[in-house]
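**Q** Whatever this is, show me its structure:
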Amino acid sequence: MTRQRLLAGTAALAALVQPAFAQDARIAELETRVAELENRPQLTFGTTGTEVSIYGFVRAEAFYDNDFQQGDLTRTGRIGEAAFATDGAFDTSVRVSRFGIRSATETDIGTIGTQLEFDLFGSGGDDSGSPNLRLRHANVTIGDTWLVGQFWTNFMPLSHYPRTSDFNGPVGITFARVPQIRYSSGVGNLDYSFSVEESNGASSDPVFTAAADYNADNWSARIAGLTGQVASGGSTFSTNAITLSGSVQPWDGGVISATYVSGDGIGDYLIGGGDAVVGGSVNGADGYTLEIRQQLGERWNIGLAYGREDYDLATSTGTIDFTELETVHANVFYNPTDRLTLGLEYIHGERTTSAGTTFEADRIGASVTFSF
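**A** Next up, the predicted model:
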């Protein structure tokens with residue numbers, strides 16, 4: 001019940017009681033109590049002043065695959081594999097659903113924050129019939145400067161990631177959550193950050209990243225670099241990469257975003273998941289995404305996203321190889337309320353082998369998401 005309704009109800013009840021000064025006293029008392037409740041933290045433990053909040057969403061999804069079954073998220077590496085061929089297959093999933101816990105504590109060195117976040121993509125299977133709890137984020141922050149723990153890699157262009165109902169989204173973009181120590185700062189519209197991270201691939205050595213973000217009124221841009229080592233067959237290879245990304249709002253309600261990543265040995269960071277090393281040689285890769293999105297009124301949103309990955313050396317996640325992956329996501333979202341989102345999405349994927357053979361697959365997905 002809102003404060004206004006509480007006050008209105010109390011005032012109406014007090015009108016039946018005399019004298020008038022008693023009404024004023026009771027209303028004033030209620031106003032004081034409501035103000036105290038509104039200013040109280042959501043949860044307080046002892047006298048530490050720690051505020052704790054719970055957040056997340058529940059998502060129910062349904063998919064219909066033509067040509068090749070991809071599971072409860074798009075897996076372009078399955079396209080062309082005989083084991084996943086189908087004349088049409090229907091599936092459902094709730095594994096994207098997630099919840100998290102955040103805390104904030106005021107201390108002499110600034111606000112200490114924590115985050116624990118989980119979803120249902122844990123081990124025990126890779127499809128909708130095996131929902132198991134999985135840790136996504138676990139970190140401690142000190143003010144706006146330091147982050148220690150597991151979080152999105154600093155190399156990932158998170159602010160320019162295309163919006164899709166599909167959990168993976170388009171190929172051609174980096175995607176990883178890794179343990180790290182990150183330092184962030186900024187001046188004016190420019191933010192910059194540096195991190196030492198655990199490699200997302202096979203390596204016992206850390207990787208180092210640096211990134212800079214510039215945010216203006218109608219556009220933003222980001223550049224990030226990564227360097228480190230990747231291991232294969234008892235040998236180590238250098239991995240170096242750069243990501244460029246940006247977005248612009250060229251008209252009312254419209255946004256155009258693009259990302260580009262290029263480097264050696266970065267297959268473990270890409271959605272397509274190509275091999276970082278092939279036949280004793282480090283594998284170079286390039287990735288691209290382009291998204292156009294339009295807000296239609298207050299409740300509707302439509303978008304089109306394209307993604308592509310090109311590998312120097314033929315790589316494989318199954319029985320046949322590939323040198324190129326492509327995806328197209330076309331979607332529409334409707335918000336009947338602020339926290340409820342209905343989504344409908346068409347996805348087309350292609351996988352091209354080193355021999356030049358191309359396999360294609362289409363899927364339609366629908367989702368219902370309630371955020372809390």
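**Q** And the helices in the chain, which stretches?
**A** Ranges of helices in the chain, per DSSP state H, are 3-14, 20-38.
**Q** Any idea what E197 is bridged to?
**A** Q180, V207 (DSSP bridges).
**Q** do T327 as well
**A** G307, G349.
**Q** now do W152
**A** Beta-bridge partners recorded for W152 (DSSP bridges): R177.
**Q** Near it, how many other residues are there?
**A** When counting by other CB atoms under 10 Å, one arrives at 18 neighbours for W152. Every C-beta, even on glycine, is put in place using the N, C-alpha and C of the backbone.
**Q** ok, now which ones touch it?
**A** L158, A176, R177 (CB atoms under 8 Å, 6 or more residues apart in numbering).
**Q** Could you do E324 as well?
**A** For E324, the contact set (CB under 8 Å, 6+ apart) comprises R308, E309, D310, Y311, E350, R351, T352.
**Q** Compile the residues you listed into a markdown table and extend it with columns for neighbour count, distance to D67 and pLDDT.
**A** Shown next, in a markdown table, are the contacts of E324 (neighbours: other CB atoms under 10 Å; distance: CB to CB, whole Å; pLDDT from 0 to 100):
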| residue | neighbour count | distance to D67 | pLDDT |
| --- | --- | --- | --- |
| R308 | 19 | 19 | 98 |
| E309 | 28 | 19 | 98 |
| D310 | 18 | 22 | 98 |
| Y311 | 23 | 22 | 98 |
| E350 | 19 | 11 | 98 |
| R351 | 28 | 11 | 97 |
| T352 | 19 | 15 | 97 |
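**Q** Can you convert the residues you listed into CSV and add a column each for distance to E298?
**A** Below are the contacts of E324 laid out as CSV (distance: CB to CB, whole Å):
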residue, distance to E298
R308, 34
E309, 36
D310, 40
Y311, 43
E350, 36
R351, 39
T352, 41
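**Q** still on that earlier bit, now, which of the contacts of W152 sits nearest E345?
**A** Nearest to E345 among the contacts of W152, counting by CB to CB, is L158 at 20.6 Å.
**Q** Tell me how far the closest one lies from D213.
**A** L158 sits 10 Å away from D213, taking CB to CB, to the nearest Å as the criterion.
**Q** more crowded one of these two?
**A** Legend: neighbour count by other CB under 10 Å for L158 and D213, higher for D213 (22 against 15).
**Q** and that one, what does it touch?
**A** By CB under 8 Å, 6+ apart, the contact list for D213 reads S159, L190, D191, Y192, S220, A221, R222.
**Q** Among those, name the buried ones.
**A** Buried by 16 or more other CB atoms under 10 Å: D191, S220, A221, R222, out of these.
**Q** so which two of these are the farthest from each other?
**A** Between any two of the buried ones among the contacts of D213 (CB to CB), the greatest distance is 11.3 Å, for D191 and A221.
**Q** Spit out the residues that contact these two alike.
**A** In contact with both D191 and A221: D213, Y214, using CB under 8 Å, 6+ apart.
**Q** need the strands for the stretch 51-200 of the chain, in chain order.
**A** Counting by DSSP state E, counting those that start in this stretch, the segments of the stretch 51-200 of the chain that form strands are 51-68, 85-93, 98-107, 110-119, 134-142, 146-152, 177-187, 190-198.
**Q** no wait, the stretch 251-372 of the chain
**A** Using DSSP E, counting those that start in this stretch, strands in the stretch 251-372 of the chain cover 254-264, 277-278, 281-282, 284-296, 300-315, 322-334, 340-352, 358-371.
**Q** Distance to Y64 added to those strands, as JSON lines?
**A** Output for these, formatted as JSON lines (distance: least, CB to CB, whole Å):
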{"stretch": "strand 254-264", "distance to Y64": "28"}
{"stretch": "strand 277-278", "distance to Y64": "35"}
{"stretch": "strand 281-282", "distance to Y64": "39"}
{"stretch": "strand 284-296", "distance to Y64": "24"}
{"stretch": "strand 300-315", "distance to Y64": "20"}
{"stretch": "strand 322-334", "distance to Y64": "15"}
{"stretch": "strand 340-352", "distance to Y64": "10"}
{"stretch": "strand 358-371", "distance to Y64": "5"}
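**Q** between these, which gets nearest to A83?
**A** Among the strands of the stretch 251-372 of the chain, the nearest to A83 by CB to CB is strand 358-371 (13.0 Å).
**Q** now that closest one, how far from the chain's geometric center?
**A** 17 Å (CA atoms, centre = their mean, to the nearest Å).
**Q** Paired strands for it, with orientation please.
**A** Short version: by DSSP bridges, strand 358-371 pairs with strand 51-68 (antiparallel), strand 340-352 (antiparallel).
**Q** Put together TSV for the contacts of D213, with distance to L244 and pLDDT on each row.
**A** As requested, the contacts of D213 are exported to TSV (distance: CB to CB, whole Å; pLDDT from 0 to 100):
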residue	distance to L244	pLDDT
S159	13	94
L190	16	97
D191	16	98
Y192	15	98
S220	12	98
A221	8	98
R222	7	98
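**Q** re earlier: most tightly surrounded among the strands paired with strand 358-371?
**A** strand 340-352 (a mean of 20; mean count of other CB atoms under 10 Å).
**Q** can you give me the angle that one makes with strand 300-315?
**A** Relative orientation of strand 340-352 versus strand 300-315 (axes from the mean of the first three to the mean of the last three CA atoms, to 10 degrees): 30 degrees.
**Q** If you compare the directions of strand 340-352 and strand 322-334, what angle comes out?
**A** Using the same axes, to 10 degrees: strand 340-352 against strand 322-334 is 160 degrees.
**Q** Distance to A258 added to the strands of the stretch 51-200 of the chain, as TSV?
**A** Output for the strands of the stretch 51-200 of the chain, formatted as TSV (distance: least, CB to CB, whole Å):
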stretch	distance to A258
strand 51-68	27
strand 85-93	30
strand 98-107	27
strand 110-119	28
strand 134-142	26
strand 146-152	19
strand 177-187	23
strand 190-198	20
